[in-house]
Each structure stands twice: as structure tokens, then as C-alpha cells.
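Q: Predicted model and sequence follow; I will ask about them next.
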Amino acid sequence: MIVSSLNRLKRRLQFTGWLQYLPIAIVAIIFFIGAALSWFLGNRSVAHLLSVIAVLFLIVLMFDILTVKFRLHPQERLPKRNNELDRFDLMRARRSCRSFQTRKLTHADHSELMKSVRLHSEEATIGNAPIRFEYIAAPLTVWPVVCATEFLVAIAPSEYNRLAVINIGRSLQKIVIDATRMGLATCWIGPGADQSSIVRHLGDRFSPAKDHIICVCAIGYKSWYKPLFLRFIQGLQRRRLPLSALFFADLQFKEPLNLKAMPFNRFGRSFEVCQWSPSSFNAQTTRCVAILEPITGQRQEGHKDKSQLLRFDFYATTESRYYAAVALGIWCANWEMGCEALGILGHFAVLSEKERGKDKIRPTLPRYDVSWVLDEGI
Ligand SMILES: Cc1cc2nc3c(=O)[nH]c(=O)nc-3n(C[C@H](O)[C@H](O)[C@H](O)COP(=O)(O)O)c2cc1C
């Protein structure tokens, strides 16, 4: 009973946009209590220090509420474009933005963004699952992002199709990177999006019988004003697993891939941009295994290691039907954009167990999803 009331209260605070401020208020209260206890125990200098800290937290809290919740601040400047960045730096420059300026996208930015949406929606998908992106200009109920008013809604068919979910990750990430080049800020929002508010704003562009909303992506101009709690969350999420925990040379996921050795060193920063791709709760659920085949007969000449790289297989580490598949699609996009920038040709394919051959001794997880197959030997 108490738990469910607290949950209801939490949801109410969350979706009215007040929950972001609560943790700092709680921290301030804890410091005040500490100060009161120290005073009571006769330790006045500690009491003084703790009350100063509590007051500082309160000041920050007031500042955040006034500038973010009540938007009392001067208008911020439009950010500059990132045209000078190469593909890899662009993918590294993308970060989830949790606080947006309240101004709308300029007409020029909006039409360039829509061009990117059309371009990447029309590209060949992995498999044939149809997906689409709908643009909404409305203050959707999202968490914990503040002041976002423009969104792309990613929609897959209502009947579950894993490839459609992967394709959403892949196509939307390419749009996100185009937006990053334009200097726009983005944030993928899955669990933090209130589906009923999205459906309401989509109106007749959404059919419950045919469509399933996978996630949304907030797009706009980054704001400097951001609740302290969100700065803290972002600080925590600025971490990634090492490459040795993501790329493997064997199907048991035990032997890290030697990225500095031939032929893997040809892929340069493609590994790094996968490592830094976004995932829900920064769970980093994608893994990759390089598959080589032995070279026999004539073809052995000139190949010291007697094997050649065939493909990279991408796996998900959890059973998650949606967010792990989206994250894997995002990896695919970053991998593809990296290889394209390096001029290495390949394509995505979903291979059967028979085609993959050696996959017999593997447990169910990580689960295979898709391969990137080299078009020519390197
Ligand atoms: C599918 C997906 C869903 C996400 N959902 C949310 C969300 O609901 N709320 C949020 O604030 N961030 C969300 N994120 C952003 C992740 O928290 C973020 O990507 C991750 O922490 C890594 O940080 P970075 O994007 O700044 O590199 C989501 C990301 C992905 C890929």
C-alpha cells in the first residue's frame, strides 16, 4: 500500500517534471539534519560546515528551478555546426543531451533534419521489416530530459520483429549523427518516454493495431542550464567498457581481439566508435566476434597467418527484446559509417547457424543477431 502510493507519487513527480529536483533537495535536507545532530552533540565547527554545504545545495536547487523549470534566463545562442569534424570525431562528439533550449529548430535546420530522416528511412534495411520515423513538435512527457519540445518517434510494426527494432537503431543513429554535424543536440529516450503522451500527440499518424513505438529521440539546441542532478547522471554515464570486453576473437567471448594486429588495425577507430555508441541506461549490451577462415592451397601465398578475415558477427548479451536490439542497431550504424569512411566495403547479412558453422558450443547468451560481411579480402 505504502509502496504503491510512493510509486504513484514518484510517477507524478517524474512526469510533471519535478523529480529531477528532488534528489538535490534530499541531499540538502540530509546535510541540515547532520548539521543539527552535530550542533546537538556539541561539535559546532562540523555543524557550521554541514549547514554551509546544505545552504549551497539549496542555492543551486533554487537556481535550477528558476532557470530550468521556470525558464527564467536570457536566451542562449544557437550552437555552431560541426562541419569540420571527420566521421569518427562526429560520432565521438555525440552525447545524450538532457537539457534543451526552449526555442524551436530554425526553418533551415528543420528542413535539413527532415531530409536526413527521409534519406535514412529510404535506405535498404537489414531484412525487409518496415520502420518509420514521425516528427512531433510538442512537450512530450519524458524523463529525465528537460525542456525538449521536438522529437522523432521510431515506429516498428506491432507484431514483434527483431530486425525492425535493429533497423530502428541503425537508421535513427545515422539521423542522430547528421543532426550532430548540424550542431543539434539529441537524446534517445526509451524507458523514460510516456507512451500515452506520444500516442496522443501522434493522433491519426499512429495505429494501435499496426504500429509499435520503440523509442523517441529528442532533438534541439543544447542548453547550458541543467539541473545539478542531471549533470551528476551524465557524469556517471561517461564511462564505457574497455575494447577488450567488447571485441573478441573466439565464440566463447574469452579472447579479446588484437586490434593492433593485421588485419584488424585496418579498421582504425571503427572499434572505438562502437564502444562509445549509446545504449539504454548505458548497459552496453553489444559484443562482436571476428570470424576468419583458413586460407588453403594457392591463396596461402603471401599470407603469413594463413587465414583471412571473413566477417564480424554482432551479438546481444541480454534477452531484452527491444533496447538491446536498438543498441545493436546503433553499433551497426557506427560500424558501417566507420568502415565507409575508411573505404572498406561490406554489407550486413543475417546468417543461419549452418552458414555460421562453428556456433555449436555457445550458450544461448550472448545471442547472435547480424553479421557484417566483407565484400572483398583486405
Ligand atoms: C535505446 C535507448 C534508450 C534510451 N533511453 C533513455 C531514457 O529513457 N532517458 C534518458 O535520459 N536517456 C536514455 N538513453 C540514453 C542513454 O542513457 C545514454 O545513451 C547512455 O547513458 C550513454 O550516454 P551517452 O549517450 O551520453 O554516450 C537511451 C539510449 C538508448 C540507446
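A: Perfect, I can see it now.
Q: Domain map for this structure?
A: The chain breaks down by automatic domain parsing into domains covering 2-69, 87-229, 239-374.
Q: how about the second one, does it reach the ligand?
A: Meaning domain 87-229. Yes. Judged by C-beta under 6 Å from any ligand atom, domain 87-229 comes into contact with the ligand at 95, 96, 98, 144, 145, 187, 188, 189, 190, 191, 192, 215. Glycine gets a C-beta too; all of them are placed from N, C-alpha and C.
Q: JSON lines please, covering the domains of the chain and showing mean neighbour count and mean pLDDT.
A: JSON lines is the format used below for these (neighbours: other C-beta atoms under 10 Å; pLDDT from 0 to 100):
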{"stretch": "domain 2-69", "mean neighbour count": "15", "mean pLDDT": "94"}
{"stretch": "domain 87-229", "mean neighbour count": "19", "mean pLDDT": "96"}
{"stretch": "domain 239-374", "mean neighbour count": "17", "mean pLDDT": "91"}
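Q: which residue packs closest to the closest residue to the ligand within the stretch 101-250 of the chain, ignoring adjacent ones?
A: Using C-beta to the nearest ligand atom, the single residue of the stretch 101-250 of the chain nearest to the ligand is residue 192, 2.7 Å away. Computed as C-beta to C-beta, 6 or more residues apart in numbering, the closest residue to residue 192 that is not its neighbour in sequence is residue 143, at 3.8 Å.
Q: okay but that neighbour is in contact with residue 14, surely?
A: Yes. The pair residue 143 and residue 14 qualifies as a contact (C-beta atoms under 8 Å) at a distance of 5.1 Å.
Q: Next, show the common contact partners of those two.
A: Here residue 143 and residue 14 have no joint contacts, going by C-beta atoms under 8 Å, 6 or more residues apart in numbering.
Q: Can you name the residues that contact the residue of the stretch 101-250 of the chain closest to the ligand?
A: 142, 143, 144, 145.
Q: quick one, phi/psi of the residue minimising distance to the centre of the chain?
A: The structure's the chain has its C-alpha centroid closest to residue 278; by C-alpha atoms, centre = their mean the separation is 2.7 Å. Note on residue 278: backbone dihedrals following degrees, to the nearest 10 are phi -80, psi 150.
Q: secondary structure class for the closest residue to it other than its chain neighbours?
A: Leaving aside its sequence neighbours, residue 278 sits nearest to residue 188 (C-beta to C-beta, 6+ apart; 5.7 Å). Of the three states, residue 188 takes strand under DSSP: H, G, I helix; E, B strand; the rest coil.
Q: From residue 329, how far off is residue 188?
A: In this structure, residue 188 and residue 329 are 11 Å apart, going by C-beta to C-beta, to the nearest Å.
Q: same check, this time on residue 315
A: Residue 315 is 13 Å from residue 329, by C-beta to C-beta.
Q: quick revisit: contact partners for the residue nearest to residue 278?
A: Each residue near residue 188 by C-beta under 8 Å, 6+ apart is listed here: 96, 172, 176, 215, 216, 217, 278, 280, 326.
Q: Output the contacting helices and strands for whichever strand or helix holds the last one.
A: To tie it back to what came earlier, the one meant is residue 326. Using DSSP states H and E, the element containing residue 326 is helix 323-342. Applying 3 or more C-beta pairs under 8 Å, 6 or more residues apart in numbering; DSSP states H and E, we find helix 323-342 packed against helix 87-93, helix 162-181, strand 211-220, helix 270-275, strand 286-294, strand 307-316, strand 346-349, strand 367-374.
Q: what do you get if the cut-off is 7 Å, keeping everything else the same?
A: helix 87-93, helix 162-181, helix 270-275, strand 286-294, strand 307-316, strand 367-374 (3 or more C-beta pairs under 7 Å, 6 or more residues apart in numbering; DSSP states H and E).
Q: Could you see whether the ligand lies near that helix?
A: Yes. Helix 323-342 is in contact with the ligand by C-beta under 6 Å from any ligand atom, via 323, 326, 327, 330.
Q: ok, which pair from the residues you listed is furthest apart?
A: Of all pairs drawn from the residues of helix 323-342 next to the ligand, the widest gap by C-beta to C-beta lies between 323 and 330 and measures 10.4 Å.
Q: Mind putting the residues of helix 323-342 next to the ligand into JSON lines with distance to residue 121?
A: Compiled in JSON lines, the residues of helix 323-342 next to the ligand are given as follows (distance: C-beta to C-beta, whole Å):
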{"residue": "323", "distance to residue 121": "21"}
{"residue": "326", "distance to residue 121": "16"}
{"residue": "327", "distance to residue 121": "20"}
{"residue": "330", "distance to residue 121": "16"}
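Q: which one of those sits closest to residue 339?
A: For these, the residue nearest residue 339 by C-beta to C-beta is residue 330; the value is 15.1 Å.
Q: contacting residues around that closest one?
A: Neighbour list for residue 330: 169, 173, 277, 278 [criterion: C-beta atoms under 7 Å, 6 or more residues apart in numbering].
Q: Could you rerun that using 10 Å?
A: 166, 168-170, 172-174, 176, 188, 274, 277-279, 286 (C-beta atoms under 10 Å, 6 or more residues apart in numbering).
Q: Find residues that contact each of residue 315 and residue 329.
A: 286, 369, 370.
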